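**Student:** Task: produce atomic coordinates for the following.
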Amino acid sequence: MKVVLVSYSGTSASILKDRMSAWAHANLIEAEIIISSLSGLDEGKEDADIVLVGPQVRCAFASVRELVPEHIPVLAVDTRDFGMAKGDRVMQEAIAEIRRYKDQLLRQ
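**Tutor:** Numbering: from 1, shown residues only. Model (predicted):
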């Protein structure tokens, strides 16, 4: 599973990334988590399973959705989960969103 985490500042995102990776490892999920700035989103997203948008760049959610291929879900990370670096909750939400999005695409 490949996750792209779009954030303004790398510091808080790197803590969240570490906790997301730890949860994935503990649950036997192979996960590659990449932190990207909004301007750096042009690279590395084509084979992502999901793009997560951090609270600092949530105002650019529509722009992110336009940059990401239609078959990849884009999800805004809950502000509290991001701030408290709740990697378990963010990963669980990401997995649930991937499933919901794929189901929705299959119904179309």
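**Student:** how about the helices of the protein, start to end?
**Tutor:** 10-26, 61-67, 79-83, 87-107 (DSSP state H).
**Student:** contacting residues for residue 35?
**Tutor:** 5, 7, 10, 13-14, 17 (C-beta atoms under 8 Å, 6 or more residues apart in numbering). From N, CA and C alone the C-beta is placed, and that goes for glycine too.
**Student:** what sits up against stretch 88-107?
**Tutor:** With C-beta under 8 Å, 6+ apart, stretch 88-107 has contacts from 1, 3, 16, 19-20, 23-24, 29, 31, 49-50, 52, 71, 73, 75, 77-78, 81-82.
**Student:** Next: stretch 6-16.
**Tutor:** 5, 35-38, 41, 51-54, 56-57, 64, 77, 82-83, 85-87, 90.
**Student:** Buried among these? Make that a PyMOL selection.
**Tutor:** Buried residues within the contacts of stretch 6-16, by 16 or more other C-beta atoms under 10 Å, are selected in PyMOL with:
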select buried, resi 5+35+36+38+41+51+52+53+54+56+57+64+77+82+85+86+87+90
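**Student:** Point out where this protein drops to low pLDDT.
**Tutor:** Filtered on pLDDT under 70, the chain yields the residue ranges 9-11, 44.
**Student:** List the contacts of the residue nearest the centre of it.
**Tutor:** Centroid-nearest residue in the chain: residue 52, 2.5 Å away (criterion: C-alpha atoms, centre = their mean). Applying C-beta under 8 Å, 6+ apart to residue 52 gives the contacts 3-6, 74-77, 90, 94.
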